[in-house]
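Chemist: I would like to see how this sequence folds:
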Amino acid sequence: MISPDEERYILAQAYVPEHIVGLMSGISGGEPFLIGDYLGFAKDDWAILVGYPLAESFDPEDFGRVIAGTVTSFRPVHLWFIAPEVPPSVAQLCQAKESDDYYTLALQRFELKTHLRRIVNRASRDLTVERSREIGKDHTDLISEFLEREKPGPRIERLFLSMAQYVAGTPTAVVLTARDRSGAAAAFYVVELAAKHFATYVVGCHSKRHYAVGASDLLFADMIRLAQAHGKAYIHLGLGVNEGIRRFKEKWGGVPRLRYEFCEYKRSDPLRSFLFAINV
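Modeler: Residues are numbered from 1 along each chain as shown. Take a look at the predicted model:
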């Protein structure tokens, strides 16, 4: 567990979405903890480590020791961590890996480009944007449609399916919904405002059944206005994921700012064997 003062400190220092305690706890169901300068979450037989130090520079050897300390303290069977770099001492133990980049959009001196303004203005003729604090049936229907159509991996599926519980449990999440003239949801975004310096784009998807040209762009423009109104310096747009998503984020001015490495480990050997393998 962490104290309210510690959570305020974390949110003041945060620079990746996974530093947002309410977001991660709401999605994972885990309890937050601090180990050195790193944030983690744990429950039952698993632990998650956010390998982006809150105040210090990242050091692979130091993070390797943090991983070992987490394993010793919590004895997880499943361990997941993200970091700008996988420590060499741990790399051979990763049973699943992913590499990507975090994208961000700076808001200082942001100006909407002419072609984007045209897209947004055209979309606003047929759509309105609603801001709310809940995921309703129309959102869950849209999520079901999206999951059936796109068939993402299990982690992304769990993320979308956790949205209703997460949004209901935090006062800093905002749901932006683009609705057509009949009131049907054409697209929605979930935006998180808890971090001091940035807003976070959490998830978003659009409908094919109620498809509307420019719905996602209209929501992106409103997300920018929302973030600016709350005094944020930038929007954290999450990972590149694939070429189409990268192009959309770059179209709006998003740029890759920080490397992302993911590692998954499931312990089958005794704890001593794990610690020996990472030379601790």
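Chemist: all contacts plus neighbour counts: C-alpha atoms, from now on.
Modeler: Will do.
Chemist: other SSEs contacting the helix or strand containing L219?
Modeler: Assessed by DSSP states H and E, L219 sits inside helix 215-229. Other helices and strands packing on helix 215-229, by 3 or more Cα pairs under 8 Å, 6 or more residues apart in numbering; DSSP states H and E, are helix 114-126, strand 128-132, strand 173-179, strand 185-192, strand 198-206, strand 234-239.
Chemist: Apply 6 Å and report the result again.
Modeler: Here helix 215-229 touches no other helix or strand, going by 3 or more Cα pairs under 6 Å, 6 or more residues apart in numbering; DSSP states H and E.
Chemist: Point out where the chain drops to low pLDDT.
Modeler: Low-confidence segments of the chain, defined by pLDDT under 70: 269-280.
Chemist: Quick one: the strands in it, in order.
Modeler: For the chain, the strands defined by DSSP state E occupy 31-35, 38-43, 46-50, 78-83, 96-106, 128-132, 173-179, 185-192, 198-206, 234-239, 255-266.
Chemist: And the residue nearest to A178 when sequence neighbours are not counted, how close does it get to L161?
Modeler: Leaving aside its chain neighbours, A178 sits nearest to V129 (4.6 Å; criterion: Cα to Cα, 6 or more residues apart in numbering). For V129, the distance to L161 equals 23 Å [Cα to Cα, to the nearest Å].
Chemist: G253 too?
Modeler: Relative to L161, and taking Cα to Cα, G253 is found at 29 Å.
Chemist: What of V203?
Modeler: From V203 across to L161, the span is 11 Å (Cα to Cα).
Chemist: Check S3 too.
Modeler: With distances taken as Cα to Cα, S3 is found 28 Å from L161.
Chemist: So between the two, which is more surrounded?
Modeler: More crowded of S3 and L161, by other Cα atoms under 10 Å: L161, with 16 against 10.
Chemist: Please name the nearest non-neighbouring residue to the more buried one.
Modeler: I143 (7.7 Å).
Chemist: ok, and for stretch 103-122, which residues are buried?
Modeler: Neighbour counts using 16 or more other Cα atoms under 10 Å place 103-107, 116, 120 of stretch 103-122 among the buried residues.
Chemist: likewise stretch 220-236?
Modeler: Buried residues in stretch 220-236, defined by neighbour count with 16+ other Cα under 10 Å: 220, 222-224, 226-228, 232-236.
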